[in-house]
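Visitor: Generate a structure from the sequence data that follows.
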Amino acid sequence: MKAIIIFVCLFTNRVTSQSADVFPGKIFSSHKNISEGSEIIFKCSPHGSGKSSTSLYLYLCKDGQGIQRKRQKQDQTDIIFTVNSVKLYDSGNYSCVYSPKGYEPSNIFKSGSNTFAILVKAAFLPAQISMVGSSTVTEGDIFELQCTVDANMVQKHTECTHIRSYLMRNNTVVRMEAFSIKDTKATFAIQDATLRDSGQYSCVVFPSRCVREEDAKFRGNNTLTVHVEENVSYWGVVGMGLLSTLMILFFFLFIIVKQRQIFTGKYRFHQK
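Guide: Below is the predicted model:
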């Protein structure tokens with residue numbers, strides 16, 4: 001217990017001593033909402049520090065804790081910080097502080113004179129796919145697949161009314177439709193099913209890609225296997241059609257042969 005109290009006291013004293021020579025700076029950025037995988041650029045300024053004969057250390061902080069440190073040269077006014085390939089956990093409130101001393105960024109616990117809120121949006125959201133209606137599909141049928149995403153999840157990552165959703169068959173994109181944020185779903189209708197429409201289907205939505213409402217007609221959590229069966233009645237009709245055609249041809253051929261035989265017989269009779 002004594003050891004824990006001593007550690008807490010030492011840590012508190014260290015933070016207090018650092019706070020004495022760590023001062024709030026100004027932060028600037030053109031970003032606010034950004035997609036996963038992008039980069040964020042911040043400009044930090046030791047606002048109000050005045051001219052100093054020694055260089056300063058500027059710290060980029062997220063939610064009140066340092067994450068990056070750069071040393072300012074005497075001829076520099078501002079420092080540029082970059083956060084590359086952002087993830088969802090990079091969302092937060094960013095600010096800048098400065099100090100004449102070079103501390104480890106993780107040991108800085110302070111916020112700047114202003115903060116900049118960053119929201120990182122998911123690059124894509126895996127959707128749940130299901131079959132609408134009967135799961136039995138035969139050639140020539142129309143079948144529908146429906147993609148859905150949890151309402152809280154999709155509304156958190158977009159301000160659009162419609163976003164892009166993609167239907168994939170065997171991991172290849174085959175169709176794009178507008179995903180309604182209000183209905184939290186997109187429906188894909190496959191017309192005149194053929195055997196090549198068989199396969200494993202999945203879908204995914206992109207919350208950062210808006211679709212205009214007037215253009216709304218336009219790899220997920222699971223996959224759905226669709227098997228298109230041969231339409232026996234269809235092939236029966238085709239077979240009957242071919243058989244009828246052959247019979248008609250045979251009939252005309254029989255008439256032609258008979259007429260030739262009659263004509264040949266008459267010709268021989270006249271010769272006699």
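Visitor: Check which helices and strands the helix or strand containing residue 58 is in contact with.
Guide: Residue 58 belongs to strand 57-62 when assigned by DSSP states H and E. If you count contacts as 3 or more Cβ pairs under 8 Å, 6 or more residues apart in numbering; DSSP states H and E, strand 57-62 packs onto strand 40-45, strand 65-71, strand 79-83, strand 92-99. Heads up, the C-betas are built off the backbone N, CA and C, glycines and all.
Visitor: Give me the contacts around it.
Guide: With contact meaning Cβ atoms under 8 Å, 6 or more residues apart in numbering, strand 57-62 is reached by 22, 25, 27, 42, 44, 46, 66-72, 79, 81, 90, 92-103, 105, 108, 110-112.
Visitor: Give the rounded mean pLDDT of it.
Guide: In this model, strand 57-62 has a mean pLDDT of 96.
Visitor: Report the angle between that strand and strand 40-45.
Guide: 140 degrees (axes from the mean of the first three to the mean of the last three Cα atoms, to 10 degrees).
Visitor: Quick check: residue 248 is in a helix.
Guide: Yes: under DSSP: H, G, I helix; E, B strand; the rest coil, residue 248 sits within a helix.
Visitor: Tell me, how many residues neighbour it?
Guide: Residues near residue 248, counting by other Cβ atoms under 10 Å, number 10.
Visitor: what's the distance between it and residue 240?
Guide: Distance of residue 248 to residue 240, computed by Cβ to Cβ, to the nearest Å: 13 Å.
Visitor: What of residue 173?
Guide: Distance from residue 173 to residue 240, by Cβ to Cβ: 40 Å.
Visitor: Equivalent analysis for residue 95, please.
Guide: 80 Å.
Visitor: When these two are compared, which one has more neighbours?
Guide: residue 95 (23 against 10).
Visitor: Beta-bridge partners for the more buried one, please?
Guide: residue 61 (DSSP bridges).
Visitor: so it sits right up against residue 111, yeah?
Guide: Yes: under the criterion of Cβ atoms under 8 Å, residue 95 makes contact with residue 111 at 4.6 Å.
Visitor: Overlap in contacts, those two.
Guide: 24, 61, 64.
Visitor: What count of nearby residues applies to the second one?
Guide: Using other Cβ under 10 Å as the criterion, residue 61 is surrounded by 27 other residues.
Visitor: tilt between the strand holding residue 58 and strand 79-83?
Guide: 30 degrees.
Visitor: Strand 92-99 and strand 57-62, what's the angle between them?
Guide: 160 degrees.
Visitor: In PDB, list the C-alpha atoms belonging to strand 57-62.
Guide: Taking Å, rounded to 0.1, in the frame of the first residue of the first chain, the C-alpha atoms of strand 57-62 are listed here in PDB:
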ATOM      1  CA  TYR A  57       9.100  21.700 -28.600                       C
ATOM      2  CA  LEU A  58       5.500  21.500 -29.900                       C
ATOM      3  CA  TYR A  59       3.300  18.600 -29.000                       C
ATOM      4  CA  LEU A  60       0.200  17.400 -30.800                       C
ATOM      5  CA  CYS A  61      -2.300  16.100 -28.200                       C
ATOM      6  CA  LYS A  62      -5.400  14.000 -28.600                       C
END
